[in-house]
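Peer 1: Model the following, please.
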Amino acid sequence: MASSWIKVEVITPDKPEIFQIAEILNIDPDAVLGKLVRIWAWADQQTIDGNAGSVTRGVLDRISFITGFADALIAVGWLACEDGKMFLPNFDRHNGESSKKRALTNRRVAEHRKRDTQNVTQSALQKALPEEEEEEDIKDKNPPNPPRGRREKKPYPYPPQLNVTAWEEWKAYRRENRFNAYQPTERSEGAAITNLLNLSGGDPQTQMLIVQQSMSNGWKGLFELKPAIKKQLEEAAAPHWNSPEAWREFL
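Peer 2: As a prediction, the model looks like this:
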């Protein structure tokens, strides 16, 4: 009888045979894997290298708790029957005493190599630390020279009649939509500001409406207000018929 563990490869759940058995029995592939583990564990404990001469299909079906599981294993080549005797092909490659001893030996060798590699790496790092500290001291004593030819860009000077709040909102909108940014020059940002002032006639409220109109429509540029918005603005600016200003004009 073998030891109380079995070897299962990590690729086993995705093998084609798993899905074939699932289709034959109309069950979930994960359920197939669980039932296989039961069969393999039983064979590891109760057989010699997977040879079950006195076992019938019915016994394997009862172990897996599903009718037809033994026939499904035979169909995919994971169970064989010769001269009335059942056996698991190549069972000793992965389970059984000799196979498990090989697996444990390989694992111990891999862990030993890993520890040796870590020790060598730590020793190399410890030797390299003083040199790194010396390099850091040299860098601290000799700071790098600042790059030449790079100057901070000064912001473009805003004219007094510009609605700064509206303009900053417009630039933020362009950044969020990844439009080309204005350069702080007369030909770039200066030209765009001049365009806004001309479209608005220098009126701060109109500047804000022009900006909001472009943002709400997803436009890249600033354009003259639509006639409907212009009319609403003119009506809002006109004095009420019963206001003192209107009466003065009437009289």
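Peer 1: When you work out contacts or count neighbours from here on, use the C-alpha atoms and nothing else.
Peer 2: Will do.
Peer 1: Could you list the low-pLDDT ranges of the chain?
Peer 2: The chain contains residues with pLDDT under 70 at 1-3, 48-50, 52-53, 93-104, 106, 119-151, 233-251.
Peer 1: Show me where it has its strands.
Peer 2: Assigned strands in the chain, in chain order: 51-52, 80-82, 85-87 (criterion: DSSP state E).
Peer 1: who does the last one pair up with?
Peer 2: In the sheet containing strand 85-87, the strands it pairs with under DSSP bridges are strand 51-52 (antiparallel), strand 80-82 (antiparallel).
Peer 1: returning to that earlier point: which of the strands of the chain sits closest to residue 16?
Peer 2: strand 80-82 (18.0 Å; CA to CA).
Peer 1: quick one: buried residues of the closest one?
Peer 2: residue 80 (16 or more other CA atoms under 10 Å).
Peer 1: correct me, but residue 184 touches residue 154?
Peer 2: Yes - here residue 184 reaches residue 154: they are 7.0 Å apart, a contact under CA atoms under 8 Å.
Peer 1: and residue 216, how many neighbours does it have?
Peer 2: Using other CA atoms under 10 Å, the number of residues around residue 216 comes to 8.
Peer 1: Relative to residue 24, how far out is it?
Peer 2: 60 Å (CA to CA, to the nearest Å).
Peer 1: cool, residue 32 as well?
Peer 2: Counting by CA to CA - residue 32 and residue 24 are separated by 11 Å.
Peer 1: Looking only at neighbour counts, state which of those two leads.
Peer 2: residue 32 (21 against 15).
Peer 1: Identify the residues contacting that one.
Peer 2: 18, 21, 22 (CA atoms under 8 Å, 6 or more residues apart in numbering).
Peer 1: Enumerate every residue touching the last one.
Peer 2: Contact partners of residue 22, counting by CA under 8 Å, 6+ apart, are 28, 29, 32.
Peer 1: which residues sit in contact with the first one?
Peer 2: Read it as residue 28. residue 22.
Peer 1: now it: how far from residue 22?
Peer 2: 6 Å.
Peer 1: And for the second one?
Peer 2: According to CA to CA, residue 29 and residue 22 sit 5 Å apart.
Peer 1: Pipe the strands of the chain into JSON lines and attach distance to residue 109 per row.
Peer 2: JSON lines is the format used below for these (distance: least, CA to CA, whole Å):
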{"stretch": "strand 51-52", "distance to residue 109": "31"}
{"stretch": "strand 80-82", "distance to residue 109": "35"}
{"stretch": "strand 85-87", "distance to residue 109": "32"}
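Peer 1: Nearest to residue 231 among the ones you listed would be which one?
Peer 2: Comparing the strands of the chain by CA to CA, strand 80-82 comes nearest, at 90.7 Å.
Peer 1: Touching the closest one from outside, list them.
Peer 2: 74, 86, 87, 88, 89.
Peer 1: Now a ChimeraX select for only the buried ones of those residues.
Peer 2: Listed next is the ChimeraX selection for buried residues among these, using 16+ other CA under 10 Å:
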select :74,86,87,88
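Peer 1: coming back round to it: the more surrounded of residue 184 and residue 154?
Peer 2: The neighbour count for residue 184 versus residue 154, taken as other CA under 10 Å, is higher for residue 184 (14 against 9).
Peer 1: Many thanks, we can stop here.
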